[in-house]
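Trainee: all I have is the shape, not the residue letters:
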């Protein structure tokens, strides 16, 4: 039973260590990604900090920086909790191994004492010859052999337990040092977050003094959003109508050939997946939810999906996300598909790509390298992002739609 308990203990150590390593590795990767995003925002913010004119884009970038900093602190807290659990488990494991080692040594000492008292060949022979019959003599002979083998195994188990105990003590010490480092990082991040929030208050106060300019900017933003939405809505409605007509014509032709009544055509956006090719593309796009590559190689979301109020009785609806990126950044298709529209809206371009029943939208482009009807592959370049000449910001607007219905792109992009 002692050996079984020891085996189970070793198995627990291996499985528990593997789970901890995986969780810890994931948290570290997320923390490193957040650090890169924060640094990118910090650098871009420092470039436009001297600008006399403060824009909503700059405020959104500052808000995003604070949000990412808060998420980084939460990630550090998760790392600390994970380490606390691991420290507790390792402490219990060390105590269990110490107790197990003590029992093994006690059992081994008893075996050594027994072997010492019966070490002579005469004693062993007397033990065998004192048997009542041949079967008992054979069993006693096997017992002596097994006893010797067991004693050797016991010595090996003691050695293995001592090694495991030493390794766990080293790991426990490492966990404690790592926790100390994380606590220090946590304190530094909280201090930086406090400074960023103070800066946010200053900038918001500065922005409130420019209320007239802010209202004009918000109204202009609403107009641009409305123009883009109308263009996208019209293009998608046109796609749906064209597909419906093709499907009805195909159903009518098939019915005439077979002499039956034409089958009803799917309504709404479902008609966009009526053909086998479109259905397969739609299914492939859906199966990649949460794994789509980002439309830019480096970037961070500064304005999220949904309605956003700015404290001046003006609300702006965002049907996608705004991604802050580097100046001159290349925009990439997030999935294979076909370019269905290229728009010029106020000197900036927007591209609509169809993926079966789904569409992706890329706007705020300075240049476009694709045209309507062109097939595109995953990560294929479709243009470059424009940099606002007034406030110096470089932001891509990105949308995902099922038919004409806007969907939150954050749920589709890879983390």
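Mentor: Received the coordinates, thanks. Everything numeric here is computed off the predicted structure, so don't read it as measured data.

Trainee: now for the residue positioned nearest the centre of the chain: which residues touch it?
Mentor: With distances taken as C-alpha atoms, centre = their mean, residue 415 lies nearest the centre of the chain, 3.6 Å away. Neighbouring residues of residue 415 by C-beta atoms under 8 Å, 6 or more residues apart in numbering: 30, 33, 290. Where you see a C-beta, it was placed from the backbone N, CA and C, and this is true even at glycine.

Trainee: same deal with residue 306?
Mentor: Taking C-beta under 8 Å, 6+ apart as the criterion, residue 306 is in contact with 317, 318, 408.

Trainee: next, count neighbours for the second one.
Mentor: Pointing back at residue 318 there. 18 (other C-beta atoms under 10 Å).

Trainee: also the first one?
Mentor: Taking other C-beta under 10 Å as the criterion, the count of residues near residue 317 is 13.

Trainee: am I right that it is in a strand?
Mentor: Yes: using DSSP: H, G, I helix; E, B strand; the rest coil, the assignment for residue 317 is a strand.

Trainee: is the nearest residue to it once chain neighbours are set aside in a helix, a strand, or coil?
Mentor: In space, and not counting its chain neighbours, residue 317 is closest to residue 307: 5.2 Å by C-beta to C-beta, 6 or more residues apart in numbering. Put simply, residue 307 is strand when judged by three-state DSSP.

Trainee: and if you look at residue 353?
Mentor: Residue 353 ends up strand, using three-state DSSP.

Trainee: leaving out sequence neighbours, find the closest residue to it.
Mentor: residue 337 (4.6 Å).

Trainee: now do residue 376
Mentor: Distances taken as C-beta to C-beta, 6+ apart put residue 333 closest to residue 376, at 4.5 Å, once the chain neighbours are dropped.

Trainee: so after the helix or strand encompassing residue 183, what's the next helix or strand?
Mentor: Assigned by DSSP states H and E, residue 183 belongs to helix 134-208. Once helix 134-208 ends, the next helix or strand along the chain (criterion: DSSP H and E) is helix 211-258.

Trainee: angle of whichever helix or strand comes after that following helix against helix 211-258?
Mentor: Using DSSP H and E, the next helix or strand after helix 211-258 towards the C-terminus is helix 276-287. Interaxial angle, helix 276-287 versus helix 211-258 (axes from the mean of the first three to the mean of the last three C-alpha atoms, to 10 degrees): 140 degrees.

Trainee: elements contacting the helix or strand just after helix 276-287?
Mentor: Helices and strands here follow DSSP H and E; after helix 276-287, the next one along the chain is strand 299-303. Using 3 or more C-beta pairs under 8 Å, 6 or more residues apart in numbering; DSSP states H and E, the elements in contact with strand 299-303 are helix 2-48, helix 56-117, strand 321-325.

Trainee: so what touches strand 299-303?
Mentor: Here strand 299-303 makes contact (C-beta under 8 Å, 6+ apart) with 37, 40-41, 57, 60-61, 63-64, 68, 318, 321-326, 329, 395-396, 410.

Trainee: and those, which of them are buried?
Mentor: 37, 40-41, 57, 60-61, 63-64, 68, 318, 321-326, 329, 395-396 (16 or more other C-beta atoms under 10 Å).

Trainee: per-residue confidence averaged over stretch 342-350?
Mentor: For stretch 342-350, mean pLDDT is 88.

Trainee: list the buried residues of that stretch.
Mentor: Per 16+ other C-beta under 10 Å, stretch 342-350 contains these buried residues: 342, 343, 348, 349, 350.

Trainee: who touches that stretch?
Mentor: Contact partners of stretch 342-350, identified using C-beta under 8 Å, 6+ apart, comprise 224, 227-228, 231-232, 341, 351-352, 361-368, 370-372, 383, 386, 397.

Trainee: can we see that at 6 Å?
Mentor: For stretch 342-350, the external contacting residues (C-beta atoms under 6 Å, 6 or more residues apart in numbering) are 227, 231, 351, 363, 364, 365, 368, 372, 386.

Trainee: let's see the ChimeraX selection covering just the buried ones among these.
Mentor: To isolate the buried ones among these in ChimeraX, judged by 16+ other C-beta under 10 Å, type:
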select :231,351,363,364,365,368,386
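
Trainee: format the contacts of stretch 342-350 as CSV; extra columns: distance to residue 245.
Mentor: Below are those laid out as CSV (distance: C-beta to C-beta, whole Å):
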residue, distance to residue 245
227, 27
231, 22
351, 25
363, 29
364, 33
365, 31
368, 29
372, 19
386, 37
